[in-house]
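Q: The amino acid sequence is not available; the structure is as follows:
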């Protein structure tokens, strides 16, 4: 069983991944933010480091997916390989922060990787408005995220919605997180768990 959580920066992916892993006794696969050698450089000089950062994420995520399928365990993954390729890399390219040559190279690499892996059994998409994302980002106070602009988040949100609209890799569960507090309100977490249970039972 492979469940993955997708969503914009600040939507609550990591928090929900940990809560669901604890509830279902699944193994959590978290995003490699702490050990990422490019993040600080990227946020300081996006144009110079965008390609390096995206290839690092792609490599890390591809490795994760291969390990998930090989392990045979029940795993919940924080962010998917698809988000880098359909949202972050094309957004950097559209903003002029990744050259045509680098973007074509990146896209070709992703297509090769995508042909070798299958999508998660269930994808959970955390839908959020920009004010909510900004609030969550400020709340967690990561230094390198201080420079993220509203415009950047808005562009990402538009791409997320377009990607989800055409998503066809497996079961999809969309959760609007603006009105939910799944950290401090057990009922909100419970309502998410009920929806996931219904999807899981539909798998078997």
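A: Here it is on my side, so go on. This is a predicted model, so every value here is computed, not measured.
Q: State the mean pLDDT of the lengthiest helix in the chain.
A: Ranked by number of residues, the top helix in the chain under DSSP state H is helix 46-71. Averaged across helix 46-71, pLDDT comes to 92.
Q: Residue numbering should commence at 401 henceforth.
A: Taking 401 as the first residue, the last one we looked at is helix 446-471.
Q: elements contacting it?
A: When contacts are defined as 3 or more C-beta pairs under 8 Å, 6 or more residues apart in numbering; DSSP states H and E, helix 446-471 sits against strand 427-429, helix 439-444, strand 475-478, helix 481-483, helix 489-494, helix 500-514. Placement of C-beta: from N, CA and C, glycine included.
Q: need the next SSE after the lowest-mean-pLDDT helix or strand in the chain, C-terminal direction.
A: Lowest on mean pLDDT, DSSP states H and E among the helices and strands of the chain sits helix 530-540, with a mean of 83. With elements assigned by DSSP states H and E, the helix or strand that comes after helix 530-540 is helix 550-565.
Q: low-scoring pLDDT stretches of the protein, where are they?
A: Across the chain, the ranges flagged by pLDDT under 70 are 432-434, 541, 543-547, 603-604.
Q: residue nearest the centroid of it?
A: residue 479 (2.7 Å; C-alpha atoms, centre = their mean).
Q: Spatially, what comes nearest to it if we skip its sequence neighbours?
A: residue 431 (5.1 Å; C-beta to C-beta, 6 or more residues apart in numbering).
Q: okay, the helices and strands packed on helix 446-471 in TSV with distance to residue 537 and mean neighbour count next?
A: Listed next are the helices and strands packed on helix 446-471 as TSV, based on distance: least, C-beta to C-beta, whole Å; neighbours: other C-beta atoms under 10 Å:
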stretch	distance to residue 537	mean neighbour count
strand 427-429	21	17
helix 439-444	12	16
strand 475-478	16	24
helix 481-483	17	21
helix 489-494	17	19
helix 500-514	25	14
